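K.L.:
how would this look folded up:
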Amino acid sequence: MTIKALCAIGVFLLATLSIGAAAVRAELNLDIFGGVSLTEKTDVAVDGIDNTNVSVKGVFSDVKVDPGFTVGGRIGYWFESLPFLGLGIEGFYFSLPVPAQTVDSSANISGSIRGRPFSTTASGQVRLPSIDLPAAGFSPQLMLRWPLFTSNEMPKGRLQPYVGFGPAWAVSIDRDELALVLGGLVRGGIAFNLFRHLALFAEYRYSWFPNFELTDSHGLHFQTDVNTHNVVGGISIRF
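P.N.:
Okay, the predicted model is just below:
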């Protein structure tokens with residue numbers, strides 16, 4: 001997965017440089033954003049060797065994730081000849097605060113996750129501990145915008161609805177080592193230019209990472225789908 005990610009970034013950067021070289025002038029954006037992160041309930045598949053040295057395989061059903069936060073930054077490049085088209089790359093972090101909860105389990109398991117112990121009860125449920133999972137990521141983006149209320153002072157428009165989309169990679173932990181999980185990111189929002197070189201924006205973001213994996217150092221492997229909605233606001237510096 002790491003090699004695929006590096007190849008994708010390399011192709012993205014080459015495309016940016018080759019197209020940008022043909023443009024006389026272009027607009028560069030530096031964006032910083034932050035807001036609320038809402039992750040959907042999910043089933044968590046568990047397998048491996050538990051604390052009793054028994055090979056186990058099961059599913060924890062409907063695991064809830066509390067609302068969290070997201071922060072990030074983005075570099076955007078808009079082409080002069082096609083002012084509605086741009087490329088960008090961003091890095092972001094969204095928290096995954098899993099609260100202590102009791103969920104159904106399809107197997108008897110005694111183990112730990114992120115150093116926090118848990119075990120299945122006789123009634124077929126498991127009491128999960130409260131944990132925060134790592135969820136940093138990055139995404140190369142194709143961007144589209146619609147310049148509105150253009151003028152000599154604001155040639156790219158005072159108001160700019162926009163969308164962005166592209167593949168995304170989340171950083172996970174596999175036996176205390178970093179691993180990359182492939183997914184995707186789509187977003188849409190509206191930017192308001194206060195001045196020619198400064199704008200504020202509000203944005204909705206949806207990211208998905210199927211088969212998000214985490215392997216605890218004690219031997220259990222966890223796999224789930226992480227689907228997250230984000231509502232953010234930010235500031236954009238434009239050159």
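
K.L.:
how far away is residue 104 from residue 44?
P.N.:
Distance, residue 104 to residue 44, using CB to CB, to the nearest Å: 11 Å. Using the backbone N, CA and C atoms, a C-beta is placed for each residue, glycine as well.

K.L.:
Show me which of the two is the more surrounded one.
P.N.:
Set side by side, residue 104 and residue 44 show more neighbours around residue 44, with 22 against 16, by other CB atoms under 10 Å.

K.L.:
any idea which element the more buried one lies in?
P.N.:
In this assignment (DSSP states H and E), residue 44 forms part of strand 42-49.

K.L.:
ok, back up a step: what residues do residue 104 and residue 44 have in common as contacts?
P.N.:
Overlap of the contact sets of residue 104 and residue 44 (by CB atoms under 8 Å, 6 or more residues apart in numbering) consists of residue 60.

K.L.:
where are the low-confidence patches of this structure?
P.N.:
Across the chain, the ranges flagged by pLDDT under 70 are 1-25, 173-176, 217.

K.L.:
what are the ranges of the helices in it?
P.N.:
2-22 (DSSP state H).

K.L.:
follow-up on the earlier one: so how far is the strand holding residue 44 from its chain's centroid?
P.N.:
Relative to the chain's own centre, strand 42-49 is displaced by 22 Å; criterion: CA atoms, centre = their mean, to the nearest Å.

K.L.:
Counting by contacts, list what that strand packs against.
P.N.:
The contact analysis (3 or more CB pairs under 8 Å, 6 or more residues apart in numbering; DSSP states H and E) places strand 42-49 against strand 55-63, strand 220-238.

K.L.:
which parts of that strand are buried?
P.N.:
Applying a neighbour-count criterion of 16 or more other CB atoms under 10 Å, one finds 42, 44, 45, 46, 47, 48 buried in strand 42-49.
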